[in-house]
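**Q** Below is the sequence, then the predicted model.
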Amino acid sequence: MALSAEKIWTDFAESHQLTDKTFQTRWFGEQSNSEEVSELTEKILAGDKTATSKPLAYYSSKDEPIPQVGDYFVLLNADMHPVGIIETVVSELVPFFHVSAEHAYNDAEGDRTLSDWQERSKEKFSSQMRKFDREFSTNDPVVCEVIKVVYRV
């Protein structure tokens, strides 16, 4: 029987004396695309994907808090079952065209080059923002996050 996100978090938090911390659940990719979620989850657990990004306007559109350094998330797989815990170790606001080649590489998608990241991200961010009747511009700031796996189920 699979452990619940709450149980995994409670065990982890107690063993690391994190009495003042809370968690949220999180997955990467479109929930409706289980293949994408599986691929990204595997990359995260393998340590290949250590960076991610979204337009700043995405967070306000979803009324979702921007990830902060020290935030913990129970990582969910494509079946929405917990597979680990990740921690945000960097969260910074960066203009789209100032996102670094290092961040693009650590995003671990496409061919891992900055130009490929920019091309894919423009398309992905535009699609994300259209869901909120908003346009994405390459002048918009992007939340660039670095994550690390701190626990595997």
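**A** Sure, I can see it. Numbering: from 1, shown residues only.

**Q** Could you use CA atoms for every contact and neighbour count after this?
**A** OK.

**Q** Endpoints of stretch 58-78, how far apart?
**A** Separation of the first and last residues of stretch 58-78 by C-alpha to C-alpha, to the nearest Å is 22 Å.

**Q** Other residues contacting it?
**A** For stretch 58-78, the surrounding residues in contact (C-alpha atoms under 8 Å, 6 or more residues apart in numbering) are 5, 8-9, 21-27, 31, 34-35, 37-38, 41, 82-91, 128-129, 132, 143, 145.

**Q** repeat that for 6 Å
**A** By C-alpha atoms under 6 Å, 6 or more residues apart in numbering, the residues outside stretch 58-78 that reach it are 23-27, 34, 37-38, 82-91.

**Q** What's the PyMOL syntax to select whichever of those residues are buried?
**A** Command for PyMOL that selects the buried part of those, burial taken from 16 or more other C-alpha atoms under 10 Å:
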select buried, resi 23+25+26+27+37+38+82+83+84+85+86+87+88+89+90+91
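
**Q** Show me what the longest strand along the chain is packed up against.
**A** Longest strand of the chain, by residue count under DSSP state E: strand 82-95. Contacts defined by 3 or more C-alpha pairs under 6 Å, 6 or more residues apart in numbering; DSSP states H and E place strand 82-95 against strand 72-76, strand 141-152.

**Q** Tell me what angle the first one forms with strand 82-95.
**A** Between strand 72-76 and strand 82-95, the angle comes out at 120 degrees (axes from the mean of the first three to the mean of the last three C-alpha atoms, to 10 degrees).

**Q** State the paired neighbours of strand 72-76 in the sheet, together with their directions.
**A** Paired neighbours of strand 72-76 in the sheet (DSSP bridges): strand 23-26 (parallel), strand 82-95 (antiparallel).

**Q** quick one, which of the helices and strands packed on strand 82-95 is packed in tightest?
**A** strand 72-76 (a mean of 24; mean count of other C-alpha atoms under 10 Å).

**Q** before we move on, back to that, quick one: the strands paired with strand 72-76 as TSV, columns for mean pLDDT too.
**A** Shown next, in TSV, are the strands paired with strand 72-76 (pLDDT from 0 to 100):
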stretch	mean pLDDT
strand 23-26	92
strand 82-95	97
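
**Q** want to try TSV for these, with distance to Y105 as columns?
**A** Formatted as TSV, these follow (distance: least, C-alpha to C-alpha, whole Å):
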stretch	distance to Y105
strand 23-26	22
strand 82-95	15
